[in-house]
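# below are the sequence and a predicted model for it; my questions follow.
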Amino acid sequence: MAPGDILIDVKGVAKHYGAGETRVDALRSVDLQVRAGEVIALLGPSGSGKTTLLNIIGCILAPTAGQLALDGETVFDGRWLRDDLRRLRLDKIGFIFQAHNLLPFLTAGENVALVLDLAGAPAAMGQARARELLDYLEVGHRAGEKPAHLSGGEAQRVAIARALANRPRIILADEPTAALDSQRAQLVMDLLRKLAAEQEACIVTVTHDEKIFDRFDRLIHLRDGHLVQT
Amino acid sequence: MNLAIKDIRHGLFRFVLTCFGLGLLMTVVLAMIGIYNGLVADALAVVRAPAVDVWVVEADTQGPFAEASAIPADTRDAVARMPGVAAAGAITYQTVEAPYAGRTLRLYVIGYQPGRPGGPQRIVQGRGIGTSHFELVADRKTGLVPGDTIRLGRNRFAVVGLVEGMMNSGGDAAVFVTLADALALQTELAPAAERVQAARGAVPVKTASVAAVVAQVTPGADVALLTDTVRQWKHLAALTQAEQEDILLVSVVDKARRQIGLFLGILLTVSAVVIALIIYTMTMEKLKQIATLKLIGAPDRTIVGLIVQQALILGLSGWGIGLTLILLVKDNFPRRVLLEPFNAMMLALIIFVVCLLASGLGVRAAMKVDPATALGG
């Protein structure tokens, strides 16, 4: 698939909870396409549906209706078309969390190598990939440290390395700069933009951080389950 | 990458402390098993000590352990002359308290006739009784050593040898003395009391009574026929060795055995609950990490492996610590703690099954974790 092609294709996706008078429409017929190399932000007040949309794209939550295609493969069309959604996530999607969510009992290098280990890659390959990514993100010298001994910025870069370990073309980030100061937040976003361009990946970020709005190609506003693109 | 080992190493001190706590619980469980075994073994040791085939006791009694039994000492001669009897010996049992080294020893005195059945089978230190009077062979648990002397009744006895594992069902260590000394110990009065009896004109008892006559039969002899023949003498009863052991287990130690068995059952249940709680708590503390693992694509087997492996390592470490501790301290218990390899293996198997079941609770909780909880919002 060439750069610029559609990596995320959301068509008419809706999600509601409950029924009758208690029914809540979290998403109402949302359409969204994200291309390779794009870095977009999902914005909106609490309860607007941005996390629901992120969970649906991440194959964690099944939509009530609609279609979802990832990296050219239709994965949901009224029902999940793949049995093993965890394998799908492992192969196609990288996640970056608000609080980095590194496993505290693994070193930075092991946290990154774990993804390849789960994918069945030999240990040596995982270690080499972890070294390569951590060096690239300028935290290679901290590879042997446990997350508790890393600064916020270092931990977030390790988390980014973990998200990239399996070379996914879709990266979903949930408030990736929330725990960082302004300067580090800008650096992380610049890094994500660079990675998206170099690895022909797309990045979908849920954020409230106005200081980094200028780092996105598109800002997608969600309001009451409707999508408003700006 | 073994996540279970990595996690254990990360919180090693806490894990070791938990294992140690569990190990102490296992020590108590193993101690109870050992005491249970010891109770039975002690009870049987005294019955098996004479290494005989037939016990001749007072009629209508199940003596001499379950009930008091007194038969004339010369019954031995009658029994010894019976067809099929290879050897017979008279035997007495009594419990005495004797001062020794500033404390009071409670002793189970066995009187026997040296050279005849009824005496100790294996001397582990020193020698057997070599004179007619005032020598004794003691169980090592008494604390006596060859060369010591101890006063029993009106006489002082020299310790000439030691045996091991000779206790009565109450846990009192045994000493072997000659039948003559044992009878004297039973009947001789203190000098003042003897003077009072003499002044009253009381006639001293001439006929010596023993608790039982034990007999070894010749190879091929019919033990049942022998006991039936003895029972024809109306004043006597006869028991085979197996019947004597059954009586002892059913009548004498049964209640204590059931009590300990019940307590052991409660302890095992408590251990199972504790293990289940520890493993469940360990899993609940990792729910966020489990959600992250699920989100990044870890298969169920990775998460199940993390929980089950930790549960098994915890359980088997606790078992290992418990076994080590009980082996170190078992000889300091006042009663015998007898642990067989089979008991330790059975407990390991029970712990293994308990850990598997307990980790099932943790696995169930982990499987319910929504990977979305790893994301905020």
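Good, I have the coordinates. Model, not experiment: these values are computed from the prediction.

# buried set for stretch A:182-195?
Of the residues in stretch A:182-195, those with enough neighbours to count as buried (16 or more other Cβ atoms under 10 Å in any protein chain shown) are A:Arg184, A:Ala185, A:Gln186, A:Leu187, A:Val188, A:Met189, A:Leu191, A:Leu192, A:Arg193, A:Leu195. (Each C-beta comes from the backbone N, C-alpha and C, glycine too.)

# again, but for stretch B:77-97
For stretch B:77-97, a neighbour-count test (16+ other Cβ under 10 Å) marks B:78-80, B:82, B:84-85, B:87-93, B:96 as buried.

# show me the residues you listed that map onto strands.
Secondary structure assignment by DSSP state E places B:Val85, B:Ala87, B:Ala88, B:Gly89, B:Ala90, B:Ile91, B:Thr92, B:Tyr93, B:Val96 of the buried residues of stretch B:77-97 in strands.

# and the helices in chain A?
A:50-57, A:85-92, A:108-118, A:123-136, A:152-164, A:182-198 (DSSP state H).

# give the contact list for B:Phe15.
If a contact means Cβ atoms under 8 Å, 6 or more residues apart in numbering or on different chains, then B:Phe15 has B:Ile8, B:Leu314 as its contacts.

# so for it, what's the pLDDT?
Per-residue pLDDT puts B:Phe15 at 91.

# before we move on, what about the one 3 residues further on?
Model confidence at B:Thr18, expressed as pLDDT, equals 91.

# same check, this time on B:Pro204
B:Pro204 is assigned a predicted lDDT (pLDDT) of 61.

# which parts of chain B sit against chain A?
Proximity of chain B to chain A, by Cβ under 8 Å from any Cβ of the partner chain, involves residues B:1, B:3, B:6-7, B:9-11, B:288-289, B:292-299, B:302, B:370-372, B:374-377.

# how about 6 Å then?
The interface of chain B toward chain A, taken as Cβ under 6 Å from any Cβ of the partner chain, is made up of B:1, B:6-7, B:10, B:289, B:292, B:295, B:297-298, B:371-372, B:374-377.

# by pLDDT, give me the weakest of those residues.
Across those, the bottom pLDDT score, 43, is held by B:Gly377.

# quick check, nearest of the buried residues of stretch A:182-195 to A:Glu154?
For the buried residues of stretch A:182-195, the minimum distance to A:Glu154 (Cβ to Cβ) is 9.8 Å, reached by A:Arg184.

# any idea how far the closest residue to chain A within the stretch 1-150 of chain B is from B:Thr27?
Each residue of the stretch 1-150 of chain B has a distance to chain A, by Cβ to the nearest Cβ, and the smallest belongs to B:His10, at 3.4 Å. Taken as Cβ to Cβ, to the nearest Å, the spacing of B:His10 relative to B:Thr27 amounts to 27 Å.

# could you do B:Val145 as well?
To B:Thr27, B:Val145 is 30 Å away according to Cβ to Cβ.

# quick one: A:Lys50 and A:Val206 touch, right?
Yes - when contacts are counted by Cβ atoms under 6 Å, A:Lys50 is listed as touching A:Val206 (5.1 Å).
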